[in-house]
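coords please:
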Amino acid sequence: MNDAKLQAIEKIETKTQLINDVADKIWEYAELSLQEYKSCDLYCEVLEKEGFTVEKGICNIATAFSASYGQGKPVIGILAEYDALSGLSQEGGALTEKPLIQGGSGHGCGHNLLGAGALAAAIGIKYYLENNNCQGTVILYGCPGEEGCASKAFMARDGEWQKLDAALTWHPEDCNEVVTGSSNSCIQVSYTFNGTASHAAGAPEMGRSALDAVELMNIGVQFLREHMSNKARVHYAITDAGGVSPNVVQPKAQVLYMVRSNHVAEAVELQKRVDKIAEGAALMTETTFDRKFIDGLSDTVTNRALEKVLYKNFEELGVPIYSKEELEYAGKLAMTYEGHDNAPGTGSMMDADYADMAIKMQAEYKNSCTKNGISDSDADYGMNGFLLPHYMGEAFKPSSTDVGDVSWNCPTAQIHVAAWPNGCPGHSWQNVASARTDIGHKSAVHAGKVMCAAAIDLYENPEILKEAKAEFEKRTASGYVCPIPEGAVAEALL
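Have a look, this model is predicted:
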(Lines give C-alpha, C1' and ligand atoms only; values in the text may rest on other atoms or scores of the structure.)
Protein backbone atom coordinates (compact mmCIF):
# COMPACT_ATOMS: atom_id res chain seq x y z
CA MET A 1 0.00 0.00 0.00
CA ASN A 2 1.64 3.22 -1.16
CA ASP A 3 0.81 6.60 0.35
CA ALA A 4 -1.73 7.46 -2.35
CA LYS A 5 -3.69 4.28 -1.65
CA LEU A 6 -3.52 4.70 2.11
CA GLN A 7 -4.84 8.24 1.83
CA ALA A 8 -7.72 7.18 -0.42
CA ILE A 9 -8.61 4.34 1.95
CA GLU A 10 -8.49 6.74 4.87
CA LYS A 11 -10.90 8.98 2.96
CA ILE A 12 -13.32 6.04 2.70
CA GLU A 13 -12.89 5.45 6.43
CA THR A 14 -13.94 9.03 7.16
CA LYS A 15 -17.10 8.41 5.11
CA THR A 16 -18.07 5.24 6.99
CA GLN A 17 -21.14 6.80 8.59
CA LEU A 18 -22.36 8.14 5.24
CA ILE A 19 -21.88 4.73 3.62
CA ASN A 20 -23.71 2.98 6.45
CA ASP A 21 -26.54 5.51 6.36
CA VAL A 22 -27.00 5.03 2.61
CA ALA A 23 -26.98 1.24 2.99
CA ASP A 24 -29.62 1.45 5.72
CA LYS A 25 -31.87 3.85 3.81
CA ILE A 26 -31.78 1.63 0.71
CA TRP A 27 -32.53 -1.34 2.99
CA GLU A 28 -35.59 0.52 4.33
CA TYR A 29 -36.80 1.53 0.86
CA ALA A 30 -36.57 -2.11 -0.36
CA GLU A 31 -37.76 -1.18 -3.86
CA LEU A 32 -38.31 -3.84 -6.49
CA SER A 33 -36.73 -4.06 -9.94
CA LEU A 34 -37.09 -0.84 -11.97
CA GLN A 35 -39.13 0.75 -9.17
CA GLU A 36 -36.08 2.04 -7.26
CA TYR A 37 -37.01 5.72 -7.56
CA LYS A 38 -36.18 6.71 -3.96
CA SER A 39 -32.98 4.67 -4.03
CA CYS A 40 -31.86 6.26 -7.30
CA ASP A 41 -32.67 9.76 -6.03
CA LEU A 42 -30.71 9.15 -2.82
CA TYR A 43 -27.59 8.01 -4.66
CA CYS A 44 -27.77 10.91 -7.12
CA GLU A 45 -28.20 13.43 -4.28
CA VAL A 46 -25.26 12.01 -2.30
CA LEU A 47 -23.00 11.79 -5.36
CA GLU A 48 -23.73 15.37 -6.42
CA LYS A 49 -22.82 16.56 -2.91
CA GLU A 50 -19.60 14.55 -3.17
CA GLY A 51 -18.64 16.40 -6.36
CA PHE A 52 -19.60 13.95 -9.10
CA THR A 53 -21.32 14.89 -12.35
CA VAL A 54 -24.56 12.93 -12.30
CA GLU A 55 -26.76 11.88 -15.20
CA LYS A 56 -30.06 10.22 -14.33
CA GLY A 57 -32.13 7.99 -16.60
CA ILE A 58 -29.30 6.74 -18.78
CA CYS A 59 -30.06 4.27 -21.60
CA ASN A 60 -33.78 5.15 -21.27
CA ILE A 61 -34.04 3.44 -17.87
CA ALA A 62 -35.62 5.83 -15.38
CA THR A 63 -33.88 4.45 -12.27
CA ALA A 64 -30.43 4.08 -13.84
CA PHE A 65 -27.71 6.72 -13.48
CA SER A 66 -24.05 7.47 -14.03
CA ALA A 67 -21.87 9.63 -11.77
CA SER A 68 -18.48 10.63 -13.15
CA TYR A 69 -15.39 12.47 -12.00
CA GLY A 70 -12.10 13.25 -13.72
CA GLN A 71 -11.02 13.57 -17.31
CA GLY A 72 -9.36 11.47 -19.94
CA LYS A 73 -8.23 7.88 -19.81
CA PRO A 74 -8.14 5.38 -18.31
CA VAL A 75 -11.85 5.24 -17.57
CA ILE A 76 -12.71 2.86 -14.72
CA GLY A 77 -16.33 1.90 -14.07
CA ILE A 78 -17.70 0.84 -10.68
CA LEU A 79 -21.02 -1.02 -10.76
CA ALA A 80 -23.79 -0.48 -8.19
CA GLU A 81 -27.09 -2.34 -7.70
CA TYR A 82 -29.94 -1.45 -5.33
CA ASP A 83 -33.09 -3.46 -6.11
CA ALA A 84 -34.80 -5.69 -3.55
CA LEU A 85 -36.79 -8.93 -3.69
CA SER A 86 -40.49 -9.47 -3.11
CA GLY A 87 -41.79 -11.31 -0.07
CA LEU A 88 -38.64 -10.87 2.02
CA SER A 89 -39.58 -8.05 4.40
CA GLN A 90 -37.71 -8.73 7.63
CA GLU A 91 -36.66 -7.01 10.83
CA GLY A 92 -32.98 -6.13 10.81
CA GLY A 93 -30.70 -7.87 13.28
CA ALA A 94 -33.38 -10.37 14.32
CA LEU A 95 -32.90 -14.07 15.02
CA THR A 96 -36.39 -15.12 13.96
CA GLU A 97 -38.37 -14.61 10.78
CA LYS A 98 -40.25 -11.41 11.52
CA PRO A 99 -41.60 -9.43 8.52
CA LEU A 100 -41.84 -5.67 8.98
CA ILE A 101 -44.58 -5.62 6.34
CA GLN A 102 -46.44 -8.85 5.63
CA GLY A 103 -45.70 -9.77 2.03
CA GLY A 104 -43.36 -6.78 1.69
CA SER A 105 -39.97 -6.60 0.01
CA GLY A 106 -36.51 -7.01 1.44
CA HIS A 107 -32.84 -7.01 0.46
CA GLY A 108 -32.30 -10.77 0.45
CA CYS A 109 -29.43 -10.42 -2.01
CA GLY A 110 -27.75 -7.58 -0.10
CA HIS A 111 -28.02 -5.00 -2.87
CA ASN A 112 -28.40 -2.25 -0.27
CA LEU A 113 -24.81 -3.11 0.68
CA LEU A 114 -23.65 -3.63 -2.90
CA GLY A 115 -24.56 -0.09 -3.93
CA ALA A 116 -23.13 1.42 -0.76
CA GLY A 117 -19.84 -0.41 -1.24
CA ALA A 118 -19.64 0.82 -4.83
CA LEU A 119 -20.28 4.35 -3.54
CA ALA A 120 -17.41 3.93 -1.07
CA ALA A 121 -15.06 2.87 -3.86
CA ALA A 122 -16.06 5.81 -6.08
CA ILE A 123 -15.50 8.31 -3.25
CA GLY A 124 -12.03 6.89 -2.59
CA ILE A 125 -11.07 6.89 -6.27
CA LYS A 126 -12.29 10.47 -6.71
CA TYR A 127 -10.15 11.53 -3.76
CA TYR A 128 -7.13 9.84 -5.34
CA LEU A 129 -7.62 11.50 -8.75
CA GLU A 130 -8.29 14.90 -7.19
CA ASN A 131 -5.39 14.95 -4.74
CA ASN A 132 -2.72 13.40 -6.93
CA ASN A 133 -3.43 15.48 -10.01
CA CYS A 134 -3.89 12.29 -12.05
CA GLN A 135 -5.34 11.87 -15.49
CA GLY A 136 -8.22 9.44 -15.54
CA THR A 137 -11.95 9.13 -14.99
CA VAL A 138 -14.10 7.14 -12.59
CA ILE A 139 -17.77 6.43 -13.35
CA LEU A 140 -20.12 4.96 -10.79
CA TYR A 141 -22.98 3.26 -12.62
CA GLY A 142 -26.34 2.84 -10.94
CA CYS A 143 -27.63 -0.42 -12.40
CA PRO A 144 -31.25 -1.10 -11.39
CA GLY A 145 -33.28 -4.24 -11.83
CA GLU A 146 -30.61 -6.91 -11.56
CA GLU A 147 -33.24 -9.25 -10.14
CA GLY A 148 -35.85 -8.79 -12.84
CA CYS A 149 -34.65 -6.68 -15.73
CA ALA A 150 -30.90 -7.14 -16.37
CA SER A 151 -30.35 -3.43 -16.94
CA LYS A 152 -26.63 -3.94 -17.61
CA ALA A 153 -27.56 -5.97 -20.70
CA PHE A 154 -29.78 -3.14 -21.97
CA MET A 155 -26.86 -0.78 -21.34
CA ALA A 156 -24.59 -3.16 -23.26
CA ARG A 157 -26.95 -3.09 -26.23
CA ASP A 158 -26.68 0.72 -26.18
CA GLY A 159 -22.85 0.62 -26.10
CA GLU A 160 -22.43 2.06 -22.60
CA TRP A 161 -19.73 -0.36 -21.41
CA GLN A 162 -17.52 0.20 -24.44
CA LYS A 163 -16.62 3.59 -22.92
CA LEU A 164 -14.69 1.81 -20.15
CA ASP A 165 -11.14 0.54 -19.96
CA ALA A 166 -12.15 -1.72 -17.07
CA ALA A 167 -15.08 -2.36 -14.75
CA LEU A 168 -14.96 -3.47 -11.11
CA THR A 169 -17.75 -4.61 -8.84
CA TRP A 170 -18.55 -6.81 -5.86
CA HIS A 171 -21.38 -8.78 -4.31
CA PRO A 172 -22.25 -9.63 -0.70
CA GLU A 173 -21.77 -13.34 0.04
CA ASP A 174 -20.98 -15.72 2.89
CA CYS A 175 -17.27 -15.76 1.99
CA ASN A 176 -14.37 -13.50 1.01
CA GLU A 177 -12.94 -14.22 -2.43
CA VAL A 178 -12.06 -12.93 -5.85
CA VAL A 179 -14.70 -14.24 -8.24
CA THR A 180 -13.55 -16.18 -11.27
CA GLY A 181 -14.91 -18.43 -13.98
CA SER A 182 -18.11 -18.32 -15.96
CA SER A 183 -21.80 -18.23 -15.09
CA ASN A 184 -24.94 -19.05 -17.04
CA SER A 185 -26.49 -16.66 -19.51
CA CYS A 186 -30.24 -16.24 -19.15
CA ILE A 187 -33.23 -15.14 -21.24
CA GLN A 188 -36.79 -14.56 -19.98
CA VAL A 189 -39.80 -14.60 -22.30
CA SER A 190 -43.52 -14.54 -21.48
CA TYR A 191 -46.04 -16.42 -23.66
CA THR A 192 -49.72 -15.48 -23.51
CA PHE A 193 -52.01 -17.95 -25.30
CA ASN A 194 -55.44 -16.85 -26.48
CA GLY A 195 -58.24 -19.31 -27.15
CA THR A 196 -62.05 -19.42 -27.14
CA ALA A 197 -64.22 -19.76 -24.04
CA SER A 198 -67.00 -22.30 -23.98
CA HIS A 199 -69.01 -24.51 -21.61
CA ALA A 200 -66.67 -27.41 -20.89
CA ALA A 201 -69.54 -29.90 -20.69
CA GLY A 202 -72.33 -28.38 -22.79
CA ALA A 203 -70.29 -27.26 -25.81
CA PRO A 204 -66.68 -28.46 -25.44
CA GLU A 205 -66.24 -28.69 -29.22
CA MET A 206 -66.69 -24.90 -29.44
CA GLY A 207 -63.85 -24.15 -27.04
CA ARG A 208 -60.17 -23.73 -27.73
CA SER A 209 -58.20 -23.98 -24.51
CA ALA A 210 -55.34 -21.58 -23.86
CA LEU A 211 -54.45 -23.62 -20.76
CA ASP A 212 -54.12 -26.74 -22.92
CA ALA A 213 -51.63 -24.79 -25.04
CA VAL A 214 -49.59 -23.85 -21.98
CA GLU A 215 -49.56 -27.46 -20.78
CA LEU A 216 -48.57 -28.80 -24.20
CA MET A 217 -45.82 -26.22 -24.42
CA ASN A 218 -44.51 -27.37 -21.05
CA ILE A 219 -44.57 -31.01 -22.20
CA GLY A 220 -42.70 -30.08 -25.36
CA VAL A 221 -40.00 -28.37 -23.33
CA GLN A 222 -39.70 -31.46 -21.11
CA PHE A 223 -38.80 -33.51 -24.20
CA LEU A 224 -36.34 -30.82 -25.26
CA ARG A 225 -34.36 -31.29 -22.04
CA GLU A 226 -32.72 -34.50 -23.36
CA HIS A 227 -31.25 -32.51 -26.23
CA MET A 228 -29.77 -29.56 -24.34
CA SER A 229 -26.23 -29.00 -23.10
CA ASN A 230 -25.65 -30.36 -19.60
CA LYS A 231 -24.98 -26.79 -18.49
CA ALA A 232 -28.27 -25.51 -19.90
CA ARG A 233 -31.32 -24.95 -17.71
CA VAL A 234 -34.96 -24.16 -18.54
CA HIS A 235 -37.42 -23.02 -15.85
CA TYR A 236 -41.04 -21.95 -16.10
CA ALA A 237 -43.90 -20.52 -14.05
CA ILE A 238 -47.56 -20.53 -15.05
CA THR A 239 -48.45 -16.94 -14.27
CA ASP A 240 -52.10 -17.14 -15.40
CA ALA A 241 -53.90 -20.52 -15.47
CA GLY A 242 -57.06 -19.02 -16.93
CA GLY A 243 -59.22 -18.76 -13.86
CA VAL A 244 -60.70 -21.07 -11.22
CA SER A 245 -63.70 -22.49 -13.05
CA PRO A 246 -63.02 -26.00 -14.43
CA ASN A 247 -66.34 -26.00 -16.29
CA VAL A 248 -65.11 -23.18 -18.54
CA VAL A 249 -62.69 -23.75 -21.41
CA GLN A 250 -59.98 -21.24 -20.49
CA PRO A 251 -59.70 -18.53 -23.18
CA LYS A 252 -56.45 -17.11 -21.84
CA ALA A 253 -53.39 -18.53 -20.08
CA GLN A 254 -49.84 -17.34 -19.63
CA VAL A 255 -46.48 -18.93 -18.88
CA LEU A 256 -43.13 -17.29 -18.14
CA TYR A 257 -39.99 -19.09 -19.32
CA MET A 258 -36.38 -18.65 -18.27
CA VAL A 259 -33.76 -20.20 -20.58
CA ARG A 260 -30.17 -20.52 -19.38
CA SER A 261 -26.99 -21.79 -21.00
CA ASN A 262 -23.26 -21.47 -20.32
CA HIS A 263 -22.73 -19.15 -23.29
CA VAL A 264 -25.03 -16.39 -24.43
CA ALA A 265 -24.93 -17.47 -28.08
CA GLU A 266 -26.13 -20.95 -27.00
CA ALA A 267 -28.91 -19.44 -24.90
CA VAL A 268 -30.13 -17.40 -27.87
CA GLU A 269 -30.29 -20.55 -30.02
CA LEU A 270 -31.99 -22.57 -27.25
CA GLN A 271 -34.55 -19.79 -26.86
CA LYS A 272 -35.40 -20.12 -30.55
CA ARG A 273 -36.22 -23.80 -30.00
CA VAL A 274 -38.50 -22.92 -27.08
CA ASP A 275 -40.24 -20.38 -29.33
CA LYS A 276 -40.89 -23.14 -31.89
CA ILE A 277 -42.43 -25.32 -29.19
CA ALA A 278 -44.81 -22.45 -28.34
CA GLU A 279 -45.77 -22.26 -32.03
CA GLY A 280 -46.40 -26.01 -32.05
CA ALA A 281 -48.57 -25.83 -28.93
CA ALA A 282 -50.66 -23.09 -30.54
CA LEU A 283 -51.09 -25.16 -33.72
CA MET A 284 -52.16 -28.25 -31.77
CA THR A 285 -54.81 -26.33 -29.83
CA GLU A 286 -55.89 -23.89 -32.57
CA THR A 287 -55.02 -20.97 -30.30
CA THR A 288 -52.82 -17.95 -30.89
CA PHE A 289 -50.11 -16.55 -28.66
CA ASP A 290 -48.30 -13.32 -27.94
CA ARG A 291 -44.59 -13.48 -27.18
CA LYS A 292 -43.13 -10.80 -24.91
CA PHE A 293 -39.40 -10.50 -24.30
CA ILE A 294 -38.72 -9.72 -20.63
CA ASP A 295 -34.94 -9.67 -20.24
CA GLY A 296 -31.71 -11.41 -21.12
CA LEU A 297 -28.16 -11.47 -19.86
CA SER A 298 -24.85 -13.07 -20.75
CA ASP A 299 -22.36 -15.42 -19.16
CA THR A 300 -19.37 -13.87 -17.40
CA VAL A 301 -15.97 -13.63 -19.07
CA THR A 302 -12.95 -14.24 -16.84
CA ASN A 303 -10.16 -11.67 -16.69
CA ARG A 304 -7.17 -12.99 -14.73
CA ALA A 305 -5.20 -9.75 -15.06
CA LEU A 306 -7.86 -7.79 -13.16
CA GLU A 307 -8.50 -10.64 -10.74
CA LYS A 308 -4.83 -10.65 -9.71
CA VAL A 309 -4.95 -6.93 -8.96
CA LEU A 310 -8.07 -7.35 -6.85
CA TYR A 311 -6.59 -10.31 -5.00
CA LYS A 312 -3.32 -8.53 -4.23
CA ASN A 313 -5.17 -5.62 -2.68
CA PHE A 314 -7.67 -7.87 -0.89
CA GLU A 315 -4.74 -9.79 0.58
CA GLU A 316 -3.02 -6.61 1.75
CA LEU A 317 -6.18 -5.13 3.27
CA GLY A 318 -7.28 -8.40 4.83
CA VAL A 319 -10.93 -9.14 5.62
CA PRO A 320 -13.48 -7.45 7.90
CA ILE A 321 -12.83 -7.97 11.62
CA TYR A 322 -15.81 -8.94 13.76
CA SER A 323 -16.46 -8.39 17.45
CA LYS A 324 -17.30 -11.26 19.78
CA GLU A 325 -20.93 -10.10 19.83
CA GLU A 326 -21.12 -10.04 16.03
CA LEU A 327 -19.68 -13.55 15.75
CA GLU A 328 -22.10 -14.88 18.35
CA TYR A 329 -25.02 -13.28 16.51
CA ALA A 330 -23.80 -14.74 13.20
CA GLY A 331 -23.53 -18.21 14.72
CA LYS A 332 -27.06 -18.08 16.11
CA LEU A 333 -28.47 -16.64 12.87
CA ALA A 334 -26.84 -19.35 10.75
CA MET A 335 -28.37 -22.09 12.88
CA THR A 336 -31.88 -20.76 12.17
CA TYR A 337 -31.57 -22.13 8.63
CA GLU A 338 -32.69 -25.76 8.70
CA GLY A 339 -30.78 -26.74 5.58
CA HIS A 340 -27.54 -25.25 6.89
CA ASP A 341 -24.36 -26.68 5.40
CA ASN A 342 -21.28 -25.99 7.47
CA ALA A 343 -18.94 -26.21 4.47
CA PRO A 344 -17.43 -22.81 3.66
CA GLY A 345 -19.01 -21.03 0.76
CA THR A 346 -16.90 -20.50 -2.33
CA GLY A 347 -19.46 -18.81 -4.56
CA SER A 348 -18.52 -21.04 -7.53
CA MET A 349 -18.21 -24.70 -8.41
CA MET A 350 -14.57 -25.50 -7.56
CA ASP A 351 -12.53 -28.71 -7.67
CA ALA A 352 -12.09 -31.07 -4.70
CA ASP A 353 -8.57 -29.92 -3.80
CA TYR A 354 -9.69 -26.31 -3.54
CA ALA A 355 -12.72 -27.29 -1.46
CA ASP A 356 -10.46 -29.22 0.94
CA MET A 357 -8.21 -26.16 1.27
CA ALA A 358 -11.23 -23.98 2.07
CA ILE A 359 -12.37 -26.42 4.76
CA LYS A 360 -8.92 -26.36 6.38
CA MET A 361 -8.92 -22.55 6.40
CA GLN A 362 -12.37 -22.54 7.97
CA ALA A 363 -11.20 -24.94 10.70
CA GLU A 364 -8.22 -22.72 11.49
CA TYR A 365 -10.48 -19.68 11.71
CA LYS A 366 -12.94 -21.52 13.95
CA ASN A 367 -10.09 -22.46 16.31
CA SER A 368 -8.96 -18.83 16.50
CA CYS A 369 -12.54 -17.79 17.35
CA THR A 370 -12.91 -20.35 20.15
CA LYS A 371 -9.57 -19.27 21.61
CA ASN A 372 -11.02 -15.75 21.81
CA GLY A 373 -14.04 -16.89 23.84
CA ILE A 374 -16.56 -17.64 21.08
CA SER A 375 -18.58 -20.79 21.79
CA ASP A 376 -17.81 -23.82 19.63
CA SER A 377 -21.28 -23.83 18.05
CA ASP A 378 -21.26 -20.11 17.23
CA ALA A 379 -17.76 -20.30 15.77
CA ASP A 380 -18.72 -23.40 13.79
CA TYR A 381 -21.70 -21.76 12.15
CA GLY A 382 -20.60 -18.12 12.15
CA MET A 383 -18.71 -15.98 9.68
CA ASN A 384 -16.11 -17.10 7.16
CA GLY A 385 -13.59 -14.57 8.42
CA PHE A 386 -10.75 -15.40 6.04
CA LEU A 387 -9.78 -14.75 2.41
CA LEU A 388 -10.04 -17.77 0.15
CA PRO A 389 -7.08 -18.37 -2.19
CA HIS A 390 -7.37 -17.04 -5.72
CA TYR A 391 -8.78 -19.98 -7.67
CA MET A 392 -6.93 -20.48 -10.96
CA GLY A 393 -8.94 -23.42 -12.33
CA GLU A 394 -11.95 -23.31 -14.63
CA ALA A 395 -14.90 -22.50 -12.36
CA PHE A 396 -18.55 -22.49 -13.34
CA LYS A 397 -21.55 -21.11 -11.45
CA PRO A 398 -25.01 -22.17 -12.70
CA SER A 399 -26.71 -18.95 -11.57
CA SER A 400 -26.75 -15.78 -13.68
CA THR A 401 -25.79 -12.10 -13.42
CA ASP A 402 -25.99 -9.20 -15.84
CA VAL A 403 -22.37 -8.38 -14.95
CA GLY A 404 -21.78 -10.90 -17.74
CA ASP A 405 -22.83 -8.37 -20.38
CA VAL A 406 -20.35 -5.86 -19.00
CA SER A 407 -17.60 -8.50 -19.15
CA TRP A 408 -18.31 -9.14 -22.85
CA ASN A 409 -17.77 -5.43 -23.58
CA CYS A 410 -14.78 -4.47 -21.43
CA PRO A 411 -12.35 -6.19 -19.01
CA THR A 412 -14.34 -6.87 -15.84
CA ALA A 413 -13.70 -8.46 -12.44
CA GLN A 414 -15.45 -8.71 -9.09
CA ILE A 415 -15.06 -9.82 -5.51
CA HIS A 416 -17.26 -11.32 -2.81
CA VAL A 417 -17.14 -10.02 0.76
CA ALA A 418 -18.79 -11.88 3.64
CA ALA A 419 -21.95 -10.00 4.61
CA TRP A 420 -23.92 -12.79 6.29
CA PRO A 421 -23.11 -16.02 8.13
CA ASN A 422 -21.59 -19.09 6.58
CA GLY A 423 -24.14 -21.25 4.80
CA CYS A 424 -27.08 -18.84 4.77
CA PRO A 425 -28.78 -19.26 1.40
CA GLY A 426 -29.17 -16.46 -1.08
CA HIS A 427 -32.52 -14.64 -1.11
CA SER A 428 -33.35 -15.55 2.50
CA TRP A 429 -34.75 -13.63 5.47
CA GLN A 430 -31.47 -14.36 7.27
CA ASN A 431 -29.61 -12.32 4.68
CA VAL A 432 -32.07 -9.44 5.00
CA ALA A 433 -31.57 -9.43 8.78
CA SER A 434 -27.77 -9.48 8.50
CA ALA A 435 -27.72 -6.76 5.83
CA ARG A 436 -29.04 -4.31 8.43
CA THR A 437 -26.28 -4.98 11.00
CA ASP A 438 -22.69 -3.88 11.49
CA ILE A 439 -21.64 -7.17 9.85
CA GLY A 440 -23.27 -5.94 6.65
CA HIS A 441 -21.93 -2.41 7.09
CA LYS A 442 -18.37 -3.70 7.44
CA SER A 443 -18.67 -5.72 4.24
CA ALA A 444 -19.74 -2.67 2.21
CA VAL A 445 -16.98 -0.41 3.51
CA HIS A 446 -14.36 -3.12 3.06
CA ALA A 447 -15.46 -3.92 -0.48
CA GLY A 448 -15.16 -0.23 -1.32
CA LYS A 449 -11.60 -0.14 -0.02
CA VAL A 450 -10.52 -3.19 -2.03
CA MET A 451 -12.02 -1.88 -5.28
CA CYS A 452 -10.57 1.58 -4.70
CA ALA A 453 -7.07 0.22 -4.09
CA ALA A 454 -7.29 -2.01 -7.17
CA ALA A 455 -8.47 0.91 -9.33
CA ILE A 456 -5.50 3.00 -8.19
CA ASP A 457 -3.18 0.24 -9.42
CA LEU A 458 -4.90 0.43 -12.81
CA TYR A 459 -4.41 4.20 -13.00
CA GLU A 460 -0.76 3.97 -11.96
CA ASN A 461 0.24 0.91 -14.04
CA PRO A 462 -0.86 1.12 -17.69
CA GLU A 463 0.72 -2.29 -18.36
CA ILE A 464 -1.95 -3.98 -16.22
CA LEU A 465 -4.74 -2.52 -18.34
CA LYS A 466 -2.84 -3.45 -21.48
CA GLU A 467 -2.60 -7.06 -20.26
CA ALA A 468 -6.27 -7.05 -19.25
CA LYS A 469 -7.29 -5.72 -22.67
CA ALA A 470 -5.26 -8.37 -24.50
CA GLU A 471 -6.80 -11.14 -22.41
CA PHE A 472 -10.27 -9.67 -22.93
CA GLU A 473 -9.85 -9.61 -26.70
CA LYS A 474 -8.67 -13.22 -26.73
CA ARG A 475 -11.52 -14.50 -24.56
CA THR A 476 -14.20 -12.60 -26.50
CA ALA A 477 -12.85 -13.35 -29.98
CA SER A 478 -16.05 -15.23 -30.88
CA GLY A 479 -17.94 -11.94 -30.62
CA TYR A 480 -20.66 -10.64 -28.33
CA VAL A 481 -24.18 -11.85 -29.01
CA CYS A 482 -26.42 -9.40 -27.20
CA PRO A 483 -29.48 -11.15 -25.74
CA ILE A 484 -31.52 -7.93 -25.85
CA PRO A 485 -33.32 -7.48 -29.19
CA GLU A 486 -33.57 -4.09 -30.83
CA GLY A 487 -36.69 -2.28 -29.72
CA ALA A 488 -37.01 -4.14 -26.41
CA VAL A 489 -37.66 -1.83 -23.47
CA ALA A 490 -36.66 -2.41 -19.85
CA GLU A 491 -39.93 -2.88 -17.98
CA ALA A 492 -40.81 -3.86 -14.43
CA LEU A 493 -42.07 -7.41 -14.22
CA LEU A 494 -45.16 -7.08 -12.02
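
next one: the nearest residue to Asp158 once chain neighbours are set aside from Glu491, what distance?
Of all residues not flanking Asp158 in the chain, Cys59 sits nearest, at 4.7 Å (Cβ to Cβ, 6 or more residues apart in numbering). The C-beta positions use only the backbone N, C-alpha and C, and glycine is treated the same way. Counting by Cβ to Cβ, to the nearest Å, the separation of Cys59 from Glu491 is 14 Å.

how about the strands in the protein?
Listed in chain order, the strands of the chain (DSSP state E) span residues 53-56, 65-71, 75-80, 136-142, 166-173, 177-178, 182-183, 185-194, 233-240, 252-261, 288-297, 396-397, 412-418.

now these as CSV including mean pLDDT and mean neighbour count?
CSV is the format used below for the strands of the chain (pLDDT from 0 to 100; neighbours: other Cβ atoms under 10 Å):
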stretch, mean pLDDT, mean neighbour count
strand 53-56, 98, 15
strand 65-71, 98, 21
strand 75-80, 98, 25
strand 136-142, 98, 25
strand 166-173, 97, 26
strand 177-178, 96, 28
strand 182-183, 91, 22
strand 185-194, 96, 23
strand 233-240, 96, 15
strand 252-261, 96, 23
strand 288-297, 96, 19
strand 396-397, 83, 18
strand 412-418, 97, 27
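
so which residue is dead centre in the chain?
Thr401 (5.1 Å; Cα atoms, centre = their mean).

I figured Asn218 was touching Tyr236, is that so?
Yes. Between Asn218 and Tyr236 there is a contact under Cβ atoms under 8 Å: 6.3 Å.

what sits against Gly108?
84-85, 88, 426-429, 431-432 (Cβ atoms under 8 Å, 6 or more residues apart in numbering).

quick check: phi and psi at it.
Taking degrees, to the nearest 10, you get phi -70, psi -10 for the backbone angles of Gly108.

switch to numbering from 4
In the new numbering, first residue 4, that becomes Gly111.

tell me the spacing between it and Trp432.
7 Å.

quick check: neighbours shared by those two?
The contact sets of Gly111 and Trp432 overlap at Leu91 (Cβ under 8 Å, 6+ apart).

of the contacts of Gly111, buried ones?
Buried members of these, counted by 16 or more other Cβ atoms under 10 Å: 87-88, 91, 429, 431-432, 434-435.

what packs against the lowest-mean-pLDDT helix or strand in the chain?
The weakest-scoring helix or strand in the chain, judged by mean pLDDT, DSSP states H and E, is helix 379-383 (a mean of 78). Helices and strands touching helix 379-383, by 3 or more Cβ pairs under 8 Å, 6 or more residues apart in numbering; DSSP states H and E, are helix 327-337, helix 355-374.

would you mark the buried spots in it?
381-383.

go through those and name the one nearest Ala97.
Nearest to Ala97, judged by Cβ to Cβ, of the buried residues of helix 379-383 is Asp381 at 16.7 Å.

save the buried ones among the contacts of Gly111 as TSV, and put in distance to Asp408 and pLDDT too.
Below are the buried ones among the contacts of Gly111 laid out as TSV (distance: Cβ to Cβ, whole Å; pLDDT from 0 to 100):
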residue	distance to Asp408	pLDDT
Ala87	22	97
Leu88	21	96
Leu91	26	97
Gly429	21	84
Ser431	27	94
Trp432	30	96
Asn434	25	97
Val435	27	98
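
got a list of what Leu390 touches?
Contacts of Leu390 (Cβ under 8 Å, 6+ apart): 179-180, 317-318, 321-322.

who's it bridged to?
Using DSSP bridges, the bridge partners assigned to Leu390 are Asn179.

from Glu310, how far off is it?
13 Å.

same deal with Gly120?
18 Å.
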